[in-house]
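Asker: based on what follows, work out the 3D shape:
(one chain, ligands or ions: 1)
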Amino acid sequence: MTTSQPGARPQNPRFSSGPCTKPPTWSLDALRDAPLGRSHRAAVGKDKLKAAIETTRDILGVPADYKIGIVPASDTGAVEMALWSMLGARGVTMLSWESFGAGWVTDVTKQLKLDVTHLNADYGQLPDLSAINFDDDVVFTWNGTTSGVRVPNGDFIPADRAGLTICDATSAAFAQDLPWDKLDVTTFSWQKVLGGEAAHGVLILSPRAVERLENYTPPWPLPKIFRMTKGGKLIDGIFTGATINTPSMLCVEDYLFALDWAKSVGGQTGLKARADANLAEIEAFVAANDWIDFLAETPETRSNTSVCLKFTDGRITDGAAFAKAVAKRLEAEGVALDIGAYRDAPAGLRIWCGGTVETADIAALLPWLDWAFNAEISQ
Ligand SMILES: Cc1ncc(COP(=O)(O)O)c(C=O)c1O
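Answerer: Numbering: from 1, shown residues only. Model prediction:
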């Protein structure tokens, strides 16, 4: 049993699941070339937005015939744009296994008032992916940030599906491989895996998704920030850097820096390897300690970004209070910030392992977790 404090602290204690820690080489100086006080529609601004789109395409391997847009209101904005613009044309199947996926179900059933087939699973599990009817449009979250459960790959999605797949990939993009041929709408936000700023979302559309937009008009009103077509044609500018409304050029500069850093660590392959190495540290720790376990019930569904852990020691009577107290101790020591489980999720800890987190910092944190657990259990 560890009672004395470990000797070393993580150099960077930021393990939040969003906004996530910035690339290790980041400083405010990284933003010095931002075209502040200039119109985002001036050449300098448009060029930066275009570069953000094309570098995203390059790193994520998005096919040339897919559209990539920078949209308002972060990942939520990107998902809502897709749901409100595309659903209603055919049946809808929605998957959820944690609170973000459940939130999209609420929107579609309570706001759009569509009848959906809802496949749900408890925190820690995935719904039965073999039960999905791909004649429907299928809405799902690739990596459930609040349970640490992800789909293992895209094999469950047929290539010849009739419906569209609409995928919230905000805590998966840049850490897990996304099979573009299986995804018609993909969304993420800058504030997640690349440690960018909040409020800007990315929406990626397959040719089939564009076809839906151009051939289907939903029966409900669409606010300007959701509208992607004009006169039955895609507004192409949105996907070349002429954003719907004004973006923050400071945030764009920050995202460009993050993309450059991502390239410097080997792009998608390098980012995934960094997240996998972080997860591997935690896997070794969990294997060596019988008082802690993953919330994800099977290894192939374990997230390599939002790693969710639960305490399993039989002496714990109030799980929520215990987990909170451990997180508080770690925060007070300055070794881990913001690692309490999400408010709607089962009690425990959530340690962000995306590529901007250094493996040495995860390794330095884990002995502290042991220390905090033992300090708390012996109270
Ligand atoms: C899976 C998932 N979807 C949506 C969101 C909302 O993202 P944003 O606040 O960037 O809109 C989050 C944020 O944590 C998330 O993890």
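Asker: could you check the pLDDT of residue 1?
Answerer: Per-residue pLDDT puts residue 1 at 56.
Asker: same thing with the one 4 residues further on?
Answerer: Looking at residue 5, its pLDDT reads 96.
Asker: hmm, residue 374 and it touching each other?
Answerer: No: Residue 5 lies out of contact with residue 374 (Cβ atoms under 8 Å); the separation is 10.8 Å. For glycine as for every other residue, the C-beta is placed from the backbone atoms N, C-alpha and C.
Asker: distance check, the most centrally placed residue in the chain against the ligand.
Answerer: Geometric centre of the chain, nearest residue: residue 171, 1.7 Å, by Cα atoms, centre = their mean. As judged by Cβ to the nearest ligand atom, to the nearest Å, residue 171 and the ligand stand 5 Å apart.
Asker: for that residue, give its distance to residue 269.
Answerer: 19 Å (Cβ to Cβ, to the nearest Å).
Asker: which residues touch residue 340?
Answerer: Taking Cβ atoms under 8 Å, 6 or more residues apart in numbering, we find residue 340 in contact with 323, 324, 327, 349, 350.
Asker: residue boundaries of the strands in this protein?
Answerer: 67-72, 92-96, 116-120, 137-141, 143-144, 149-150, 165-168, 185-189, 200-205, 229-230, 233-234, 292-294, 306-311, 349-352 (DSSP state E).
Asker: hey, which of those strands is tucked in deepest?
Answerer: Comparing the strands of the chain on average neighbours per residue, with mean count of other Cβ atoms under 10 Å, the densest one is strand 143-144 at a mean of 31.
Asker: now that strand: average pLDDT?
Answerer: Strand 143-144 comes out at a mean pLDDT of 98.
Asker: cool, stretch 251-262 as well?
Answerer: 98.
Asker: output the below-cut-off pLDDT ranges for this structure.
Answerer: Residue ranges of the chain with pLDDT under 70: 1-2.
Asker: ok so, going back, so which two of the contacts of residue 340 are the farthest from each other?
Answerer: 324 and 350 (12.6 Å; Cβ to Cβ).
Asker: what parts of the stretch 101-250 of the chain come near the ligand?
Answerer: The stretch 101-250 of the chain comes close to the ligand at residues 141, 145, 168, 170, 171, 189, 191, as judged by Cβ under 6 Å from any ligand atom.
Asker: residue contacts, the fourth one?
Answerer: Contact analysis of residue 170 by Cβ under 8 Å, 6+ apart lists 18, 75, 143, 145, 187, 188, 189, 192.
Asker: again, but for residue 261
Answerer: When contacts are counted by Cβ under 8 Å, 6+ apart, residue 261 touches 23, 24, 25, 26, 194.
Asker: just to revisit the earlier point, and of the contacts of residue 340, the nearest to the ligand?
Answerer: The ligand lies nearest to residue 350 out of the contacts of residue 340, by Cβ to the nearest ligand atom, at 10.5 Å.
Asker: that closest one contacts residue 306, doesn't it?
Answerer: Yes: using Cβ under 8 Å, residue 350 makes contact with residue 306 at a distance of 5.8 Å.
Asker: find residues that contact each of the two.
Answerer: What both residue 350 and residue 306 touch, as defined by Cβ under 8 Å, 6+ apart, is the set 17, 146, 148.
Asker: I figured residue 329 hits residue 374, correct?
Answerer: No: between residue 329 and residue 374 there is no contact under Cβ under 8 Å: 10.6 Å.
Asker: out of the two, which sits in the more crowded spot?
Answerer: residue 329 (18 against 15; other Cβ atoms under 10 Å).
Asker: OK, contacts around the closest residue to that one other than its chain neighbours?
Answerer: Spatial nearest neighbour of residue 329, chain neighbours left out: residue 372 (4.4 Å); criterion: Cβ to Cβ, 6 or more residues apart in numbering. If you count contacts by Cβ under 8 Å, 6+ apart, residue 372 has them with 326, 329, 330, 333.
Asker: and stretch 298-317, how far apart are its ends?
Answerer: Stretch 298-317 stretches 26 Å from its first residue to its last (Cα to Cα, to the nearest Å).
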